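Chemist: Here is a sequence with its predicted model. Questions after.
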Amino acid sequence: MDNAENIRIMAKKSRDMINKTNGLCNIDQRGLLGLPKIGSLPFPFGSPKRTKMVQRLTYRRRLSYNTKSNRRRVVRTPGGKLVYQYLKKPKKTPRCGHCKDKLRGIQPARPMERSRMCKRKKTVKRVYGGVLCHKCVKERIVRAFLIEEQKIVAKVLKAQQATEKTKKTDK
């Protein structure tokens, strides 16, 4: 009778323990083989209520390859859905034809967008504006000026030599 009563008491304790932990109980009060007690969750990564399936995304256009023209970003809508938002290609700033520096004062745009822009957004009010940078234009102007000066100096020297020759022949 003592044995049966002990079994009844043990069964009651285990039922109470299961009720307290909402159906989740440890193998041993001290932990398995005397090791420190680990959480009493039946799933290794938490309860199934907390984990949620990732929403699958579908392309909104026909192109299904991951190319430069098919770049997209995941965006959450006000309704809580995740959808793809297609991105435009990056705009390029025009560059100098000589030194390849970015041209200042010109709006970056895609080629088709640039064809629709007004003239003042595509150029700068200067010689070679929108084609060459200010440094290269200055360099060209200085070079042209020096070449012209050199030509004038050469003419003057030639004229001086001609006058010297005529003086020598006269004597």
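Modeler: Arrived safely, thanks for sending.
Chemist: taking the mean pLDDT, what do you get for the longest helix seen in the chain?
Modeler: Taking DSSP state H as the criterion, the chain has its longest helix at helix 134-170. Averaged over helix 134-170, pLDDT sits at 93.
Chemist: Report the buried residues of it.
Modeler: Residues 134, 136-137 are the ones in helix 134-170 that count as buried (16 or more other C-beta atoms under 10 Å). Placement of C-beta: from N, CA and C, glycine included.
Chemist: For this protein, give me the ranges with low pLDDT.
Modeler: 1, 17-51, 171 (pLDDT under 70).
Chemist: show me where it has strands.
Modeler: Listed in chain order, the strands of the chain (DSSP state E) span residues 72-76, 82-86.
Chemist: Is it possible to get CSV of those that adds mean neighbour count and distance to residue 160?
Modeler: Putting those into CSV (neighbours: other C-beta atoms under 10 Å; distance: least, C-beta to C-beta, whole Å) gives the following:
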stretch, mean neighbour count, distance to residue 160
strand 72-76, 11, 75
strand 82-86, 13, 74
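Chemist: show me where this protein has helices.
Modeler: Ranges of helices within the chain are 2-20, 111-116, 119-122, 134-170, based on DSSP H.
Chemist: Could you measure from residue 64 over to residue 70?
Modeler: Relative to residue 70, residue 64 is positioned 8 Å away (C-beta to C-beta, to the nearest Å).
Chemist: Which one of those two is surrounded by more residues?
Modeler: Here residue 64 and residue 70 are set side by side on neighbour count (other C-beta atoms under 10 Å), and the busier one is residue 70, at 15 against 9.
Chemist: wait, that one sits on residue 60?
Modeler: No - applying C-beta atoms under 8 Å as the test, residue 70 and residue 60 come out as separate, 10.6 Å apart.
Chemist: Mind listing the shared neighbours of these two?
Modeler: Common neighbours of residue 70 and residue 60, counting by C-beta atoms under 8 Å, 6 or more residues apart in numbering, are residue 86.
Chemist: quick revisit: which stretch among the helices of the chain comes nearest residue 101?
Modeler: Within the helices of the chain, the stretch nearest residue 101 is helix 134-170; the backing value is 7.7 Å (C-beta to C-beta).
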